[in-house]
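>>> let me see the structure of the following:
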Amino acid sequence: MKLGLQLGYWGAQPPANARELIAAAEAEGFDAVFAAESWGSDAFTPLAWWGSATQRVRLGTSVAQISARTPTSCAMHALTLDHLNGGRTILGLGVSGPQVVEGWYGQPFAKPLARTREYVSIVRQVLARQAPVTSDGPHYPLPYAGGNATGLGKPLKPITHPLRAGIPVWLGAEGPKNIALTAEIADGWLAIYYSPRLAPMYNEWLDEGFARAGARRSRADFEVAATCQVVVTEDRAGEIARLKPVTALYVGGMGAPELNFHAQVYRRMGYGDVVDEVTALFRSGQKDAAAAAIPDEMVTETMIIGDAAQVRDDVKRWEDSGVTMLLVTCHDPEHVSQLANLVPPR
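So this is what the prediction gives:
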């Protein structure tokens with residue numbers, strides 16, 4: 001099992017100890033460091049700034065939102081970062097959700113799978129630099145020939161030669177069709193709310209993608225990076241209670257009530273009635289009651305919580321289910337060291 005340090009996206013201010021966390025992660029043998037974006041800080045700049053002090057760890061976006069940049073712009077970001085860090089970039093992409101895509105980026109959310117497929121295809125064309133980049137669209141036509149076009153656009157190749165044509169592209173995916181698409185066109189899956197209990201279901205979706213004509217990878221060389229809180233504690237019940245408000249927020253308060261992808265994941269786990277109750281409570285302002293309605297197993301389904309022995313056993317269980325990397329959040333360098341000692345780097 002590999003470990004990836006998930007820095008996430010910034011709150012009101014940049015995190016105060018990110019540089020120390022990254023240094024500790026590299027020193028302790030973590031495989032990668034990731035940054036995310038929502039509608040504040042971006043995913044690429046922190047990796048360039050803080051990553052400049054690293055030598056070995058891979059630097060990945062988890063995730064960069066595809067509506068935030070055109071595919072050619074995203075490829076420019078990736079190839080630039082890859083040159084700066086000497087070939088250690090992972091380009092993690094995701095569609096986000098309709099509230100962000102339409103409310104923040106001012107773009108339609110419709111057809112997310114088709115948009116993703118077209119987006120990744122264009123990114124790969126840029127990085128391959130074998131010919132001028134073209135796309136028939138319909139989402140990202142190149143050259144643009146739609147309304148108000150001058151007719152002067154022409155296909156271009158990047159001026160800068162990418163350091164690596166094969167910068168790995170990982171996709172954040174939650175639903176069956178998106179996970180199958182990920183296995184077909186990507187190099188890795190960024191899984192959120194992964195449950196080892198449901199591994200047979202995930203594997204069925206992944207295998208569908210691997211079996212498609214032209215699939216890029218096979219199970220043998222495909223990475224599954226699962227976001228997972230790993231908490232080492234002698235007070236398991238107390239930690240579970242502390243994490244219930246976070247679960248309630250994502251299940252009941254994130255996204256639109258009509259379309260919450262996180263809630264859909266928990267419905268697939270069998271918690272449909274709980275999701276309905278938590279959503280109703282959270283949306284009515286009863287956040288404490290929403291947290292209280294979360295059963296313990298709904299927390300431990302997607303997180304690893306317990307003493308050192310239990311954490312080791314659970315990490316093995318996640319690895320046996322097909323996960324190749326745990327994306328963990330750490331509060332301080334000591335936490336980084338603690339997890340590294342429990343999950344020795346391979």
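>>> and the residue nearest to Leu190 when sequence neighbours are not counted, how many neighbours?
Using Cβ to Cβ, 6 or more residues apart in numbering and skipping residues adjacent in sequence, the residue nearest Leu190 is Gly172, 4.2 Å away. Heads up, the C-betas are built off the backbone N, CA and C, glycines and all. Neighbours of Gly172 under the rule other Cβ atoms under 10 Å: 26.
>>> Val265 reaches Ile192, doesn't it?
Yes - using Cβ atoms under 8 Å, Val265 is in contact with Ile192, at 7.5 Å.
>>> tell me, what's touching those two both at once?
Glu174 (Cβ atoms under 8 Å, 6 or more residues apart in numbering).
>>> can you list the domain ranges for this structure.
In terms of domains, the chain is parsed into 2-228+321-342, 234-306 (source: automatic domain parsing).
>>> among those domains, which is nearest Arg312?
Arg312 lies closest to domain 2-228+321-342 among the domains of the chain, at 5.8 Å (Cβ to Cβ).
>>> what pLDDT, on average, does that closest one get?
Regarding domain 2-228+321-342, the rounded mean pLDDT is 97.
>>> got the phi and psi for Ile304?
phi -110, psi 120 (degrees, to the nearest 10).
>>> distance check, it against Val343.
10 Å (Cβ to Cβ, to the nearest Å).
>>> where does Ile22 land in three-state SS?
With DSSP: H, G, I helix; E, B strand; the rest coil as the basis, Ile22 sits in helix.
>>> ok, it - how many residues close by?
Look at Ile22: counted by other Cβ under 10 Å, it has 24 neighbours.
>>> go ahead and confirm it touches Ser52.
No - between Ile22 and Ser52 there is no contact under Cβ under 8 Å: 10.3 Å.
>>> how about Lys177: what's its closest non-neighbour residue?
In this structure, Lys177 finds its nearest non-sequential neighbour in Leu113, 5.9 Å apart by Cβ to Cβ, 6+ apart.
>>> and that neighbour, how far from Thr160?
30 Å.
>>> adding distance to Arg312, write the domains of the chain out as TSV.
TSV is the format used below for the domains of the chain (distance: least, Cβ to Cβ, whole Å):
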stretch	distance to Arg312
domain 2-228+321-342	6
domain 234-306	9
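>>> which one of the ones you listed lies nearest to Asp314?
Across those, closest to Asp314 is domain 234-306 (Cβ to Cβ), at 4.4 Å.
>>> state the mean pLDDT of that closest one.
On average, domain 234-306 scores 89.
>>> name the residues that touch the strand or helix carrying Thr80?
If you go by DSSP states H and E, Thr80 is part of helix 71-84. Contact with helix 71-84 is made by 44, 47-48, 51-52, 59, 64, 66, 69, 88-89, 91, 93, 118-120, 122-123, 126-127, 133, 140, 142, 158, 160, 162-164, 167, as judged by Cβ under 8 Å, 6+ apart.
>>> would you map the strands across the stretch 51-200 of the chain?
Assigned by DSSP state E, counting those that start in this stretch, the stretch 51-200 of the chain shows strands spanning 58-61, 64-65, 89-94, 169-172, 188-191.
>>> before we move on, what about the stretch 201-346 of the chain?
Under DSSP E, counting those that start in this stretch, the stretch 201-346 of the chain gives strands at 223-227, 230-232, 304-306, 325-328.
>>> which neighbouring elements make contact with the first one?
Which is strand 223-227. Counting contacts by 3 or more Cβ pairs under 8 Å, 6 or more residues apart in numbering; DSSP states H and E, strand 223-227 is packed against strand 188-191, strand 325-328.
>>> which residues touch the first one?
If I follow you right, that is strand 188-191. Outside strand 188-191, the residues touching it (Cβ under 8 Å, 6+ apart) are 62-63, 90, 92, 94, 168-173, 179, 182-183, 202, 206, 222-227, 323, 327.
>>> neighbouring strands - and their directions - for that strand?
strand 169-172 (parallel), strand 223-227 (parallel) (DSSP bridges).
>>> ok, residues contacting the first one?
In other words, strand 169-172. 60, 62-63, 90-95, 116, 120, 123-124, 178, 181-182, 185-190, 192, 223, 225.
>>> the closest residue to Ala280 other than its chain neighbours: neighbouring residues, count only.
Nearest non-adjacent residue to Ala280, counting by Cβ to Cβ, 6+ apart: Gly252, 7.8 Å away. Residues lying near Gly252 (other Cβ under 10 Å) number 29.
>>> now Gly252: how far from Phe282?
Gly252 is 3 Å from Phe282, by Cβ to Cβ.
>>> quick check: neighbours shared by those two?
Residues touching both Gly252 and Phe282 by Cβ under 8 Å, 6+ apart: Ala290.
>>> which neighbours do Ile304 and Val343 have in common?
Counting by Cβ under 8 Å, 6+ apart, the residues touching both Ile304 and Val343 are Val315, Leu326.
>>> quick one: Asp42 is in a helix?
No - per three-state DSSP, Asp42 lies outside any helix segment and is coil.
>>> pretty sure Asp42 is touching Ala68, no?
Yes - assessed by Cβ under 8 Å, Asp42 is found in contact with Ala68 at 7.4 Å.
>>> give me the element Phe34 is part of.
Going by DSSP H and E, Phe34 is in strand 32-35.
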